[in-house]
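**Student:** with the input below, show me the fold.
(one chain, ligands or ions: 2)
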Amino acid sequence: MSLKVYNTLTRKKEEFVPRDKGKVSMYVCGPTVYNYIHIGNARCYVAFDVIYRYLKYRGYDVVYVRNLTDVDDKIINRANKEGLSTKEIAEKYIEAFHEDTKNIGNESPQIEPRATEHINDMIKTIKCLIENGFAYEIDGDVFFEVQKFDNYGKLSGRTLEEMRAGERVDVDERKRYPMDFALWKSSKPGEPSWDSPWGKGRPGWHIECSVMSSKYLGMGFDIHGGGHDLIFPHHENEIAQAEASAGKAPFVKYWLHNGFVNISDEKMAKSLGNVILVREILKEYEPNVLRMFFLSTHYRSPISYSKGNLDSVAVALERIENTIQRIDYLLYKSEEIAGTSASEIEEFREIIEGVEEKFIDAMDDDFNTASALGVIFDFVKETNLFLEESQKNLSKKNRDLLRPARDKLVKLTGVLGIKLREKEIAGELPDELLDLAKNIVGQEFGEKDAALSALTGAREKAREERDWVKADLIRNKLASIGFALKDTPQGCQITFERK
Ligand code: AMP
Ligand code: ZN
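**Tutor:** Ligands and ions are numbered 1, 2, ... in the order given. Next up, the predicted model:
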């Protein structure tokens with residue numbers, strides 16, 4: 001199957017054919033840096049982070065650009081409130097944004113252009129729009145004249161009449177048409193400003209994104225993303241500006257928009273005062289949980305936030321991690337006995353071999369992370385069944401399948417940016433194991449994994465004999481060199497973290 005993406009512009013799922021073979025150019029609207037990001041914003045950045053990772057996994061050479069809006073009314077207001085300069089506010093919240101997105105496990109885009117560093121490019125585009133007859137100046141402000149651009153409304157699917165019906169009352173009387181929007185705003189004293197042919201001022205928000213995206217990615221780039229609320233007017237205006245100034249179309253091939261995070265049936269939004277900050281939620285839940293919570297729903301559908309939903313995700317995530325730990329335990333268990341029947345081994349081998357294709361099928365369907373996670377959980381279930389068998393009858397053939405099964409789990413969750421807690425009992429085990437086994441089991445071991453097996457075996461035996469003192473002693477001694485033992489109905493899970 002080939003990759004299909006839902007394009008907001010055409011309102012259908014289309015086959016994804018990039019502009020340049022083997023390469024993908026992607027732009028996502030970044031934050032206006034005047035506040036900490038909330039879970040709704042995080043969903044947007046996680047959704048596109050996964051799209052970015054998946055495209056790379058599919059072999060594309062991806063250029064990912066995400067801007068920083070570091071000049072805006074909101075930043076000016078915030079600066080006045082906090083008694084800082086607009087530059088200081090922007091720096092503070094850019095740093096916080098980087099921290100938060102890193103903490104939720106996102107990769108950084110390759111290019112992160114700042115609006116304030118591209119003012120000249122914006123002025124050039126605005127001049128060109130005036131020359132081409134798409135924009136006009138009044139008292140130091142410049143507006144885009146929407147009626148001059150034939151395709152205005154093609155992204156949001158609204159006609160000018162419909163837009164007018166939704167317009168607010170405080171329309172600037174100076175505009176030729178109520179829907180005309182600002183490309184350049186004259187500045188008031190004390191506000192950040194730049195010199196321009198129209199006097200001192202600053203760019204409008206929409207022109208930032210169309211100028212910076214096309215500067216780094218060229219016209220006709222592949223993917224432009226953002227939250228659903230950006231379709232109109234932000235992205236509609238970006239198209240008008242870019243296509244009118246370049247004199248050609250399209251500005252963007254595929255428009256992708258994520259759905260909202262809702263809380264108590266309302267959109268989570270700063271303006272509604274119902275936001276939960278990323279840095280707050282990460283005090284209670286690990287990043288993987290938040291990530292998996294987002295990915296459990298298709299990126300275009302709304303998600304309902306609640307602690308209960310996050311708790312269920314945490315339990316599901318633990319299932320994957322437990323499976324990894326069980327595999328690790330068996331991988332380092334020495335004894336090999338009779339073995340599972342050949343048909344079960346063959347069946348599991350096929351499951352391992354087939355899982356990646358199923359994962360790809362799910363993700364190729366407009367990045368359907370919800371069904372991709374379904375594929376992973378089915379695989380965890382099958383692996384657990386096989387582990388149960390292997391726990392009873394560990395043969396070399398069983399063991400040979402454990403590593404590939406583990407690798408698939410780590411790989412596929414990794415494509416989604418879920419970094420499993422990897423306390424793998426692999427590589428270098430601590431030397432102290434040999435002495436410990438000698439003291440407790442009374443036998444010399446040449447191999448450290450054999451010593452570990454002997455120790456856990458001795459503990460199991462002590463438990464069977466209800467010799468709790470000895471069982472606890474072994475557990476504590478192992479803990480002192482970095483091993484954690486957890487007794488579960490499926491047997492003892494062992495994890496190792498170097499001390
Ligand atoms: P803002 O800071 O409001 O410009 O938002 C930054 C990004 O987060 C934009 O792409 C928004 O569309 C997106 N966004 C804002 N609120 C939500 C929400 N509740 N759910 C999903 N995405 C959101
Ligand atoms: Zn934007």
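
**Student:** can you count the residues close to the residue in the stretch 351-499 of the chain positioned nearest to ligand 1?
**Tutor:** Taking CB to the nearest ligand atom, ligand 1 has its nearest neighbour within the stretch 351-499 of the chain at Thr369, 14.9 Å off. For the C-beta atoms, the positions are set from N, CA and C on the backbone; glycine is no exception. Neighbour count for Thr369, taken as other CB atoms under 10 Å: 25.

**Student:** that one contacts Met292, correct?
**Tutor:** No. Thr369 is beyond contact range of Met292, at 9.1 Å (criterion: CB atoms under 8 Å).

**Student:** which residues do these two both contact?
**Tutor:** Shared contacts of Thr369 and Met292, defined by CB atoms under 8 Å, 6 or more residues apart in numbering, comprise Leu416.

**Student:** what residues are up against the residue of the stretch 351-499 of the chain closest to ligand 1?
**Tutor:** Counting by CB under 8 Å, 6+ apart, Thr369 touches Val50, Leu295, Ser296, His298, Tyr299, Ala362, Met363, Leu416.

**Student:** against Tyr216, how distant is it?
**Tutor:** Per CB to CB, to the nearest Å, Thr369 is found 27 Å from Tyr216.

**Student:** do Thr8 as well
**Tutor:** From Thr8 to Tyr216 the distance is 21 Å (CB to CB).

**Student:** which one's more surrounded, the two?
**Tutor:** Comparing Thr8 with Tyr216 by neighbour count (other CB under 10 Å), the higher total belongs to Thr8, at 20 against 17.

**Student:** isn't that one up against Leu155?
**Tutor:** Yes. The pair Thr8 / Leu155 is scored as a contact, 6.3 Å apart, by CB under 8 Å.

**Student:** what touches both of the two?
**Tutor:** Common neighbours of Thr8 and Leu155, counting by CB under 8 Å, 6+ apart, are Ile231, Trp255.

**Student:** and the most far-flung residue of the chain relative to its centre, what is it in contact with?
**Tutor:** Farthest-out residue of the chain from its mean C-alpha position, per CA atoms, centre = their mean: Gly442, at 51.1 Å. By CB under 8 Å, 6+ apart, no residues touch Gly442.

**Student:** show the pLDDT at it.
**Tutor:** Note on Gly442: pLDDT of 88.

**Student:** what's it sitting at in phi/psi?
**Tutor:** phi 70, psi 30 (degrees, to the nearest 10).

**Student:** next: Asp150.
**Tutor:** Main-chain torsions, Asp150, degrees, to the nearest 10: phi -50, psi -40.

**Student:** which residue, other than its chain neighbours, is closest to Ile303?
**Tutor:** Thr297 (4.7 Å; CB to CB, 6 or more residues apart in numbering).

**Student:** ok, the one you found - contacts?
**Tutor:** If you count contacts by CB under 8 Å, 6+ apart, Thr297 has them with Gly259, Ile303, Ala370.

**Student:** and the contacts of the lowest-mean-pLDDT helix or strand in the chain?
**Tutor:** Ranking every helix and strand in the chain by mean pLDDT, DSSP states H and E puts strand 491-496 at the bottom, with a mean of 71. Applying CB under 8 Å, 6+ apart, the external contacts of strand 491-496 come out as 322, 325-326, 328-329, 332, 391, 423-425, 429, 452, 456, 459-460, 482-487.

**Student:** rerun that using 6 Å as the cut-off
**Tutor:** By CB atoms under 6 Å, 6 or more residues apart in numbering, the residues outside strand 491-496 that reach it are Gln325, Arg326, Tyr329, Gln391, Lys423, Ile425, Gly482, Phe483, Ala484, Leu485, Lys486.

**Student:** and that strand, how far out from the chain's middle?
**Tutor:** Relative to its chain's centre, strand 491-496 lies at 30 Å (CA atoms, centre = their mean, to the nearest Å).

**Student:** list the buried residues for that strand?
**Tutor:** Neighbour-count burial for strand 491-496 flags Gly491, Cys492, Gln493, Ile494, Thr495, Phe496 (criterion: 16 or more other CB atoms under 10 Å).

**Student:** among the residues you listed, which one lies nearest to ligand 2?
**Tutor:** Each of those was scored against ligand 2 by CB to the ion, and Thr495 proved nearest at 43.8 Å.

**Student:** report the buried residues of stretch 312-322.
**Tutor:** By 16+ other CB under 10 Å, the buried positions in stretch 312-322 come out as Val313, Ala314, Ala316, Leu317, Ile320, Glu321, Asn322.

**Student:** do stretch 154-165 as well
**Tutor:** Within stretch 154-165, the residues that count as buried by 16+ other CB under 10 Å are Lys154, Leu155, Ser156, Arg158, Met163.

**Student:** any idea of the mean pLDDT for it?
**Tutor:** 89.

**Student:** pull the CA atoms of it into CSV?
**Tutor:** Extracted in CSV, the C-alpha atoms of stretch 154-165 (Å, rounded to 0.1, in the frame of the first residue of the first chain):
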residue,chain,number,x,y,z
LYS,A,154,-10.8,27.5,-1.2
LEU,A,155,-9.2,26.0,1.9
SER,A,156,-11.9,26.6,4.4
GLY,A,157,-14.7,26.1,1.9
ARG,A,158,-16.3,29.3,2.8
THR,A,159,-17.6,32.0,0.4
LEU,A,160,-17.1,35.6,1.2
GLU,A,161,-20.7,36.0,2.1
GLU,A,162,-20.5,33.2,4.6
MET,A,163,-17.3,34.8,6.1
ARG,A,164,-19.1,38.1,6.4
ALA,A,165,-22.0,36.4,8.2
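
**Student:** contacts for that stretch next, please.
**Tutor:** In contact with stretch 154-165 (CB under 6 Å, 6+ apart) are residues Leu9, Gly153, Pro178, Met179, Ile231, Phe232, His235, Glu236, Ile239.

**Student:** which of these fall in helices?
**Tutor:** Those of these mapping onto helices are Glu236, Ile239, per DSSP state H.

**Student:** what two of the contacts of stretch 154-165 have the greatest distance between them?
**Tutor:** Farthest apart among the contacts of stretch 154-165 by CB to CB are Leu9 and Pro178. That separation is 24.4 Å.

**Student:** between those two, which is the more surrounded one?
**Tutor:** Leu9 (20 against 14).

**Student:** now do the contacts for that one.
**Tutor:** Counted by CB under 6 Å, 6+ apart, Leu9 has contacts Leu155, Trp255.

**Student:** now Lys215
**Tutor:** Neighbour list for Lys215: Asp121 [criterion: CB under 6 Å, 6+ apart].

**Student:** and it, how far from Leu420?
**Tutor:** According to CB to CB, Lys215 and Leu420 sit 39 Å apart.

**Student:** same deal with Leu290?
**Tutor:** 15 Å.

**Student:** isn't Asp61 up against Val24?
**Tutor:** No. Between Asp61 and Val24 there is no contact under CB atoms under 6 Å: 7.3 Å.

**Student:** so for these two, which sits in the more crowded spot?
**Tutor:** Val24 (23 against 12).

**Student:** can you list the domain ranges for this structure.
**Tutor:** Domain segmentation of the chain under automatic domain parsing yields 4-258, 307-415, 432-496.
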